[in-house]
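> Sequence first, predicted coordinates after that:
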Amino acid sequence: MTKYVSILGSTGSIGRQTLEVVRQLSVSVVALTAGKNVSLMAQQCREFRPQLAVMESEESAAQLRQLLAGQEITVLFGEEGLLAAAACEMADTVVTALVGMVGLRPTLAAIAKGKRIALANKETLVCAGELVMREAKAFGAEIIPVDSEHSAIFQCLMGCSDRAEVRRLILTCSGGPFYGKTQQELQNATKADALRHPNWRMGDKITIDCATLMNKGLELIEAMRLYGLPAQKVDVLIHRQSIVHSLVEFRDGAMLAQLGVPDMRVPIRLALTYPQRAENPEKGLDLASCGDLTFALPDVESFPCLQLARDAAQRGGNACAVLNGANEAAVSLYLADKIGFYDIARMVRHALETVPYEEAQELEGILAADAAAREAVLTLL
């Protein structure tokens, strides 16, 4: 059970929901980090009184210091600040809710201190999963997934110590806002439409990833790393209702699923309280009134990003880091209205085809692959 927590990315969607859970659990907050939202960070600091607050830039840190004048809170900025928050001695749990590759070094810093990692930064495992899991084992750090799908699998595998018993993992996927659309219909898909997710409230980047199905591709890679299984043993099913969060099929044909309302605070609460389960004041799932539960195979022709991710997972080496870096760069361009919807997949494919393949999975090689992928996207633009 967590007593002291450090939250990396406290002003984002996962960070804000984590603080809601923290209020209910009476957990002490020792560090908070944010990007540019100075006003919200100041509100959070006044309420939770962390020892350390970190902003993205020196300018935003200076603004925060002014707003927190007279309070005993150290304010830092940049990667140095993130690393300090991740390795904060008093914290027993670090919630990594940062978006993108920026979360990799802080996660490794927290692992090196033997912290529990409540992992909501999927890019860390996508790009450097083998390194991260190896370091976690070496330092005795515990990784508890926060993503609803991986939390579901984590729960289904409780008590299963032999991975040979697992026939396959099945990740469920809402299908995003464009489910059922054809390639022709999606050629001119607008950003506003792509950001209109049917079931979940999330940040812009992950919402676009859901629209392209890249998010499910990244989760496929993350599941491989977390549970030590090959890509061939991880499948994806479209489940529009987001009630069944994922399933595990065992070798004897038995299948376990975790169900619940689409509420990220449920997996967040479990990550903070595991191996116990804390009381949830919210209303739970009512099976009698939730309606039909449907399942379908994904359309990889209309949503090619999912297949690109699976191909990268099977290739291994630096391919997953290239995939992720190119996707981050392309999604940023899409959100800035500089490219079209299908340009995201086109740019990712271009990066995978042009960035030299390497087997190396050490930090320097991973960061180099990430940088090369982003450069490949900008060159194509």
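Right, received. Where do you want to start?
> Low-confidence ranges, the chain, go.
Counting by pLDDT under 70, the chain contains low-confidence ranges at 199-201, 360.
> how does it look with 80?
Per-residue confidence for the chain (pLDDT under 80) gives these ranges: 197-203, 360-361.
> Tell me which stretches of it form strands.
In chain order, the chain shows strands spanning 4-8, 28-33, 52-55, 74-77, 93-96, 116-119, 142-145, 166-173, 234-238, 244-250, 255-259, with DSSP state E as the criterion.
> Ok, which of those comes nearest Leu323?
Proximity to Leu323 (CB to CB) singles out strand 234-238 among the strands of the chain, at 15.3 Å. Glycine gets a C-beta too; all of them are placed from N, C-alpha and C.
> So which residues make contact with that closest one?
Residues from elsewhere that reach strand 234-238 (CB atoms under 8 Å, 6 or more residues apart in numbering): 168-175, 179, 216, 220, 223-224, 295-298, 306.
> tell me the contacts of His197?
Contact partners of His197, counting by CB under 8 Å, 6+ apart, are Ser174, Gly176, Pro177, Thr207, Cys210, Ala211.
> What subset of those is buried?
The neighbour count (16 or more other CB atoms under 10 Å) marks Ser174, Gly176, Pro177, Thr207, Cys210, Ala211 as buried among the contacts of His197.
> Now do the same contact list for Tyr274.
Ile144.
> Can you pull the phi/psi pair for it?
Backbone dihedrals for Tyr274, given as degrees, to the nearest 10, come out at phi -50, psi 140.
> just the one 4 residues further on next, same as before
The phi and psi torsions at Ala278 (degrees, to the nearest 10) take the values phi -90, psi 150.
> So which residues of the stretch 251-381 of the chain form helices?
265-273, 305-315, 319-335, 341-354, 363-380 (DSSP state H, counting those that start in this stretch).
> Buried among the contacts of strand 234-238? Need that as a selection in ChimeraX.
Command for ChimeraX that selects the buried part of the contacts of strand 234-238, burial taken from 16+ other CB under 10 Å:
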select :169,170,171,172,173,174,175,179,216,220,223,224,298,306
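> on that earlier part again, show me which of the buried ones among the contacts of His197 is closest to Gln183.
Of all the buried ones among the contacts of His197, the one with the least separation from Gln183 (CB to CB) is Ala211, at 13.9 Å.
> List the contacts of that closest one.
Ala211 sits next to Gly176, Pro177, Phe178, Ala189, Ala194, Leu195, His197, Phe341 when contact means CB under 8 Å, 6+ apart.
> Does the first one touch Leu213 like I think?
Put plainly, it is Gly176. Yes: distance between Gly176 and Leu213: 6.8 Å, which falls inside the contact criterion (CB atoms under 8 Å).
> what sits in contact with each of those two?
With the criterion set as CB under 8 Å, 6+ apart, the contacts of Gly176 and Leu213 do not overlap.
> Spatially, which residue comes closest to Gln51, not counting chain neighbours?
Counting by CB to CB, 6 or more residues apart in numbering, Val30 is the residue found nearest to Gln51 once chain neighbours are left out, at 5.2 Å.
> Quick check, that neighbour in contact with Pro50.
Yes: checked against CB under 8 Å, the pair Val30 and Pro50 is within contact range at 5.7 Å.
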